[in-house]
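**Q** Predicted model and sequence below, questions to follow.
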Amino acid sequence: MVQLYVENSKSKSGKHAIRTLLYKVVDGKLIEVKDEGNKVSPTYKVGEAKVINISDNGIYIYVKLVKNIYNRIIGEILVIDNNSIVLKLKYRKLKIKKIEGDEKYFDKVKELFEKLKIPIKRANLK
């Protein structure tokens, strides 16, 4: 069983924000997981957060995006298959870089980013 922290919060000033998303791949389609989890305190003051337990087998995509004071987005993407991390990516300066794992799962990540309208200038999967 995997526990993931899903949140949507921002600072009081609005200069910092964090957004995490969890999607499940079902028959080739991406469906957002909105299970009711245990409420926890968010990273920033304004917003909400919860911990979701994943016990089902299947492919999950976990996206964590953080906006800093300069409006730059830095993110981390995890692809989880059968309760183990199979691909870990980093998103920075509109580019995706593979940290570790199998790049065959990247097609679903790219499809998710297109669905969410998050721009990707380049992807480094070496």
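**A** Alright, I've got the coordinates.
**Q** Show me where this protein has its helices.
**A** Listed in chain order, the helices of the chain (DSSP state H) span 106-116.
**Q** Test for you: state the pLDDT assigned to residue 34.
**A** If you check residue 34, the pLDDT there is 86.
**Q** how much space between it and residue 88?
**A** The gap separating residue 34 from residue 88 is 24 Å, by CB to CB, to the nearest Å. C-betas here are computed from N, CA, C, even on glycine.
**Q** Those two: which has the busier surroundings?
**A** Between residue 34 and residue 88, counting by other CB atoms under 10 Å, residue 88 is the more crowded of the two (14 against 10).
**Q** Who does the more buried one form a beta bridge with?
**A** residue 78, residue 100 (DSSP bridges).
**Q** which residues touch it?
**A** With contact taken as CB atoms under 8 Å, 6 or more residues apart in numbering, residue 88 is in contact with 76, 77, 78, 79, 98, 99, 100, 101.
**Q** what's the closest of the residues you listed to residue 92?
**A** residue 76 (9.6 Å; CB to CB).
**Q** The closest one and residue 97, how far apart?
**A** 11 Å.
**Q** Equivalent analysis for residue 35, please.
**A** From residue 35 over to residue 97 the distance is 30 Å, taken as CB to CB.
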